[in-house]
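K.L.:
got a predicted structure here, sequence first:
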Amino acid sequence: MAGWLEIPLQYHVQRRIIHVDMDAFYASVEIHDQPHLRDKAVVVAPDPRQTHGHGVVTTANYVARKYGVHSAMPAAQALKLIPANELVFVPPRFNRYREVSGQVHQLFHELTDVIEPISLDEAFLDVTVNKWQEPNTIKMASWLQQQILIKTGLTCSVGISYNKFLAKVASDHNKPMGRTIVRPEMAQAFLSGLSIAKFFGVGKKMQASLHELGIFTGADLLKISQDELIRRYKKMGYVLYRHARGVDDSPVSEQRDRKSIGKETTFNQTITTNERVWRELTELSASVAQALAKKQVHGKVLVLKMRDRDFKTTTKRHSLDSYLATAPEIFAEAWQLWQKYGQLDDGIRLLGITLTDLYPLDYENITLPLLF
């Protein structure tokens with residue numbers, strides 16, 4: 001595994017990328033619409049006291065996060081962590097979130113049309129060439145933060161750098177209402193002090209593995225050779241080697257893979273209650289999210305498949321403006337489709353969830369040379 005591993009990395013620092021990440025977006029929308037919630041611990045999830053303990057947290061405001069509540073946590077766990085007099089459950093309203101997200105995206109288009117939405121609450125903007133013909137990226141990012149606050153009443157954090165990886169990490173560095181700039185000459189120092197958990201694509205399992213190697217920060221990661229990282233972690237090892245050195249060539253792009261990922265379950269006995277449908281869709285959403293994470297993709301079109309006891313099959317789809325990847329997001333869309341189109345009169349023999357219009361996460365846009 002020699003030769004190409006020793007080729008010096010090429011640093012392309014001419015691009016100007018802004019990553020915009022809305023602060024606790026869904027919870028912030030609810031607080032904006034219901035100001036009396038401002039001092040409460042707001043958890044966007046169905047109230048588990050009304051759903052027999054079912055449901056997961058979509059997001060939580062910063063008050064709730066101080067108690068340890070986070071996305072994808074069982075909603076019932078939030079009951080154990082937050083005092084009852086402070087906790088407020090708010091069921092998600094994705095139509096409202098899409099409406100506000102649309103207002104934010106209109107502002108993006110005032111700067112550039114080179115936009116890559118990641119979800120309803122975050123996006124990459126390439127402003128290297130922009131509609132303002134403005135060379136000052138910080139000026140444009142500041143304008144975005146101000147205009148988003150004026151138009152929607154919400155705050156966002158922005159990261160500014162010469163590539164997507166650094167811009168995304170920077171946007172999370174000083175939340176809420178943060179603005180972090182990582183210039184080329186600052187990148188190595190910034191990354192060296194960064195926890196390995198903050199490196200894009202490093203999940204809990206990989207964190208544990210890296211910790212066993214004594215890797216806890218970006219500085220530790222620099223000590224491991226590229227061939228060792230690739231041997232242990234394949235493509236992700238190659239990406240980590242590059243990211244630790246501030247290299248990421250993936251473009252801000254709208255190109256998509258049209259393949260799909262789906263899961264379905266056939267039941268021995270037909271389903272006749274909404275509670276059972278809720279439970280099955282929750283499990284299917286988790287399975288689809290796990291498959292998406294394994295393939296490192298996300299998608300924009302959700303398809304709900306339903307078959308009754310007479311084998312009549314119905315499929316309904318919903319196209320979104322942003323990508324779905326997590327179990328709460330997938331479940332919320334599937335449940336909305338069920339509430340609109342589902343029928344229990346003839347029982348349900350099969351349920352399925354499929355996500356199509358897939359797009360790989362940035363670090364999957366890499367092809368390793370096959371020189372082993």
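P.N.:
Yep, that arrived.
K.L.:
for stretch 131-138, what is the distance to the chain centroid?
P.N.:
On the basis of C-alpha atoms, centre = their mean, to the nearest Å, stretch 131-138 sits 27 Å off its chain's mean C-alpha point.
K.L.:
in that stretch, what's buried?
P.N.:
Within stretch 131-138, the residues that qualify as buried are Thr137, counting by 16 or more other C-beta atoms under 10 Å. Any C-beta I mention is one placed from the backbone N, CA and C, and that applies to glycine too.
K.L.:
identify the residues contacting it?
P.N.:
16, 18, 110-113, 127, 140, 160, 179, 181 (C-beta atoms under 8 Å, 6 or more residues apart in numbering).
K.L.:
pLDDT check: weakest of those?
P.N.:
Lowest model confidence among the contacts of stretch 131-138 falls on Asp113, which carries 92.
K.L.:
wait, what's in contact with that residue?
P.N.:
When contacts are counted by C-beta under 8 Å, 6+ apart, Asp113 is found next to Lys131.
K.L.:
show me the contact partners of stretch 49-62.
P.N.:
Defining contact as C-beta under 8 Å, 6+ apart, one finds that stretch 49-62 is touched by 23-28, 31, 40-48, 69-76, 78-79, 92, 176, 275, 278-279, 282, 327-329, 331-332.
K.L.:
in ChimeraX, how would I select just the buried ones from the contacts of stretch 131-138?
P.N.:
Restricted to buried positions by 16+ other C-beta under 10 Å, the ChimeraX selection for these reads:
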select :16,18,111,112,127,140,160,179,181
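K.L.:
adding distance to Leu344 and secondary structure, write the contacts of stretch 131-138 out as JSON lines.
P.N.:
Supplementary listing: those in JSON lines, determined by distance: C-beta to C-beta, whole Å; DSSP: H, G, I helix; E, B strand; the rest coil:
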{"residue": "Arg16", "distance to Leu344": "53", "secondary structure": "coil"}
{"residue": "Ile18", "distance to Leu344": "47", "secondary structure": "strand"}
{"residue": "Glu110", "distance to Leu344": "47", "secondary structure": "coil"}
{"residue": "Leu111", "distance to Leu344": "48", "secondary structure": "coil"}
{"residue": "Thr112", "distance to Leu344": "48", "secondary structure": "coil"}
{"residue": "Asp113", "distance to Leu344": "45", "secondary structure": "coil"}
{"residue": "Val127", "distance to Leu344": "51", "secondary structure": "coil"}
{"residue": "Met140", "distance to Leu344": "52", "secondary structure": "helix"}
{"residue": "Ile160", "distance to Leu344": "51", "secondary structure": "strand"}
{"residue": "Arg179", "distance to Leu344": "50", "secondary structure": "strand"}
{"residue": "Ile181", "distance to Leu344": "54", "secondary structure": "strand"}
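K.L.:
of the contacts of stretch 131-138, just say which sits nearest to Arg65.
P.N.:
Closest approach between the contacts of stretch 131-138 and Arg65, by C-beta to C-beta: Arg179, at 20.5 Å.
K.L.:
re earlier: go through the contacts of stretch 49-62 and flag which are in strands.
P.N.:
Among the contacts of stretch 49-62, the residues falling in strands (DSSP state E) are 41-44.
K.L.:
so which of those sits lowest on pLDDT?
P.N.:
For the ones in strands among the contacts of stretch 49-62, the least confident position by pLDDT is Val44, scoring 94.
K.L.:
can you tell me the distance between the two ends of stretch 217-226?
P.N.:
Start-to-end span of stretch 217-226 (C-alpha to C-alpha, to the nearest Å) is 16 Å.
K.L.:
how far does that stretch sit from the chain's center?
P.N.:
The gap between where stretch 217-226 is centred and where its chain is centred comes out at 26 Å by C-alpha atoms, centre = their mean.
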